[in-house]
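# I would like to see how this sequence folds:
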Amino acid sequence: MKMKLATVALGALIAATPAMADLVFPSLSYRTGPYAAGGIPFADGYADYFTLLNERDGGIGGVPAKVVECETGYNTEKGVECYESTKGQGALVYQPLSTGITYQLIPKATADGIPIHSMGYGRTSAKNGAVFSHVFNYPANYWDGASGAVNYLLEINGGDIKGKKIALVYHNSAYGKEPIRTLEELSKKHGFELSLLPVDHPGQEQKSQWLQIRREKPDYVVMWGWGVMNQVAVQEAANIRFPMENFIGVWWSGAEFDVEPAGDKANGYKALTFTGLGTNYGVYEDLKKHVVDAGKAAGAGDQLGTVQYNRGLYAAMLAAEAAKTAQEMHGTADITPAMMRDGMENLEMTSAKMEALGMAGFGPEFKVSCENHGGPGLVGVVQWDAAAKTWNAVSDFKPTDGDVIGGLIAEDSGAYASENGITERCN
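The predicted model follows:
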């Protein structure tokens, strides 16, 4: 009832005000290059959700949403150029879709007063809102992912992985290096042996890494890959007959295009997730009616329900809900980036809200606060069924090791604050 009253009040306010400028949501996309297979469906899902809001609802709070897409090619320098060229257009929030770009934009966007949402990527310690005032990484971060993988292995091994060997195959970049510290700490805590196998960009050459895996025979392989690297890794694992059920990728290594090239050999491969699977959600009925069938889809309309399309859809939904929160908080539909930041910091995603959006169970419940810009870090696990060509959930969204992750976040964010002369807020 409270939500309905707030919506009615906001509607009355909007009706009494003159026409306002569009709410601008830049999309730093990459539809070209070695990472395009993941960039294209994400960008399509992101754009299609805002199109749905415009066509079905007349925008957000009565104000049209405008997606400004800028091609980065997953290149950090181009990403920064995209930011500089679009920030003056009224940009409310940036989704860099690259850890490298995110690192470069953190000081720039903070100085400009524009929030960043690095959903499930970027600088993990940005979860500490007391230090990183304009950066958000809800609903989960890379250290949650590392812990989620270890927790899943504990679960399937009766709570004991002491003496087990785990190899991390990772993209040799800021992105791929993110989980290392966490896995090192967890290896001390749980007694497993960790080996590190970097793969250079773009990841097409991995034979030496997988020959090492064949020699060392780890019990499990965890992967932090992206783009073509994932496809090559799955194929190389198949070539050495590594058991796919013991191979777990992070959420950016668990899409259809990562496993389909290997055919039946990819069966059983697993990946982490923080989003739902498929099209069995009410929102898809509206997408079909108002966007796809109306000829307004961002792409060819053939990506709906795929993992990365769903992730783009989810990111757009979270941005829209934060914008609604900001509108209600400030009593105006014509929000600024500063107001958008407030909306993101006060965002709460409940099961009831997700259900009302036609996305029940699409993501975990979470609440953002001044101190916590990352949510509770709930992580699920999915598994590929090659015969059915579909992903199936094998573990619900579950908590990660807050003690280990919390300590690492405090240490890293504290060092960042000291180095940059930042006074912690939220007191």
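
# which residues of the stretch 301-427 of the chain fall in helices?
Along the stretch 301-427 of the chain, the segments classed as helices by DSSP state H, counting those that start in this stretch run 307-330, 337-345, 351-356, 402-419.

# do you know which of the ones you listed lies nearest Ala126?
helix 402-419 (7.6 Å; Cβ to Cβ). Where C-beta positions appear, they are placed from N, C-alpha and C, glycine not excepted.

# quick check: mean pLDDT of the closest one?
Mean pLDDT, helix 402-419: 97.

# okay, the helices of the stretch 301-427 of the chain in a markdown table with mean neighbour count and distance to Leu272 next?
Converted to a markdown table, the helices of the stretch 301-427 of the chain look like this (neighbours: other Cβ atoms under 10 Å; distance: least, Cβ to Cβ, whole Å):
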| stretch | mean neighbour count | distance to Leu272 |
| --- | --- | --- |
| helix 307-330 | 24 | 11 |
| helix 337-345 | 22 | 23 |
| helix 351-356 | 14 | 20 |
| helix 402-419 | 16 | 14 |
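
# so which of the ones you listed comes closest to Val80?
Closest of the helices of the stretch 301-427 of the chain to Val80 is helix 337-345, at 17.7 Å (criterion: Cβ to Cβ).

# using PDB, write out every CA atom in stretch 190-208.
Extracted in PDB, the C-alpha atoms of stretch 190-208 (Å, rounded to 0.1, in the frame of the first residue of the first chain):
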ATOM      1  CA  HIS A 190      39.900 -24.600   4.500                       C
ATOM      2  CA  GLY A 191      43.300 -26.300   3.800                       C
ATOM      3  CA  PHE A 192      43.100 -26.700   0.000                       C
ATOM      4  CA  GLU A 193      46.000 -26.300  -2.300                       C
ATOM      5  CA  LEU A 194      45.700 -23.400  -4.800                       C
ATOM      6  CA  SER A 195      47.500 -23.000  -8.100                       C
ATOM      7  CA  LEU A 196      47.300 -20.000 -10.400                       C
ATOM      8  CA  LEU A 197      47.200 -20.200 -14.200                       C
ATOM      9  CA  PRO A 198      47.000 -16.800 -16.000                       C
ATOM     10  CA  VAL A 199      45.800 -16.600 -19.600                       C
ATOM     11  CA  ASP A 200      46.800 -13.600 -21.700                       C
ATOM     12  CA  HIS A 201      44.300 -11.600 -23.600                       C
ATOM     13  CA  PRO A 202      42.200 -12.500 -25.600                       C
ATOM     14  CA  GLY A 203      42.700 -16.100 -24.400                       C
ATOM     15  CA  GLN A 204      42.900 -18.100 -27.600                       C
ATOM     16  CA  GLU A 205      46.100 -19.900 -26.600                       C
ATOM     17  CA  GLN A 206      45.800 -22.000 -23.500                       C
ATOM     18  CA  LYS A 207      47.500 -25.300 -24.300                       C
ATOM     19  CA  SER A 208      50.300 -24.900 -21.800                       C
END
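
# quick one on the thing from earlier: same list (the helices of the stretch 301-427 of the chain) but as a markdown table, adding distance to Ala238.
Listed next are the helices of the stretch 301-427 of the chain as a markdown table, based on distance: least, Cβ to Cβ, whole Å:
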| stretch | distance to Ala238 |
| --- | --- |
| helix 307-330 | 20 |
| helix 337-345 | 42 |
| helix 351-356 | 37 |
| helix 402-419 | 33 |
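
# which of those helices sits closest to Phe192?
With Cβ to Cβ as the measure, helix 402-419 is the member of the helices of the stretch 301-427 of the chain nearest Phe192 (13.7 Å).
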